[in-house]
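>>> the following comprises the amino acid sequence and a computationally predicted model.
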Amino acid sequence: MQLGTRWTVGEAPPAALPDVVVAAVRTVEDELRADDVDARQWRWTLTWLERRPVLELDDGTIISYNDVTDSATIRQHDAGLPDDEED
């Protein structure tokens, strides 16, 4: 695991992220604005696992990257599920 960085919602993500991941970040942030969520103090946390970026937002939203398909997956935190179960 390689340590990453943190940045506040609305700021530019790190330049090292694949374009599809940056687009996923923008999608999440656009949805927050559309839902009138005050996320100005929320931060993204970037961690590199096996040289792939994994991003987590303070609300538990996770964006993971698949380098084989060059795709990003957004998983919303579901308060009804225990942390060790998948959606």
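Cool, the structure landed. Residues are numbered from 1 along each chain as shown.
>>> for the rest of this, base every contact and every neighbour count on C-alpha atoms.
OK.
>>> may I see the buried residues of the helix or strand of the chain with the lowest mean pLDDT?
Here the helix or strand of the chain ranked lowest by mean pLDDT, DSSP states H and E is strand 2-8, holding a mean of 84. Within strand 2-8, the residues scored as buried using 16 or more other Cα atoms under 10 Å are Trp7, Thr8.
>>> which elements pack onto it?
Strand 2-8 makes packing contacts with strand 43-49 when contacts are defined by 3 or more Cα pairs under 8 Å, 6 or more residues apart in numbering; DSSP states H and E.
>>> give the burial count for Val37, as a bare number.
Applying the criterion other Cα atoms under 10 Å, we find 10 residues in the vicinity of Val37.
>>> give me every residue that touches Ile62.
Val54, Leu55, Glu56, Thr73, Ile74, Arg75, Gln76, His77 (Cα atoms under 8 Å, 6 or more residues apart in numbering).
>>> if we go to 6 Å?
By Cα atoms under 6 Å, 6 or more residues apart in numbering, the contact set of Ile62 is Leu55, Glu56, Ile74, Arg75.
>>> quick check, nearest of the residues you listed to Val20?
Ile74 (11.2 Å; Cα to Cα).
>>> ok, the closest one to Trp42 distance?
In this view, Ile74 and Trp42 are 17 Å apart by Cα to Cα, to the nearest Å.
>>> out of these two, which sits in the busier spot?
Ile74 (17 against 14).
>>> that one sits in which helix or strand?
Secondary structure assignment for Ile74, by DSSP states H and E: strand 71-75.
>>> buried residues in that strand?
Judged by neighbour count (16+ other Cα under 10 Å), strand 71-75 contains these buried residues: Ala72, Ile74.
>>> many thanks, I have nothing further to ask.
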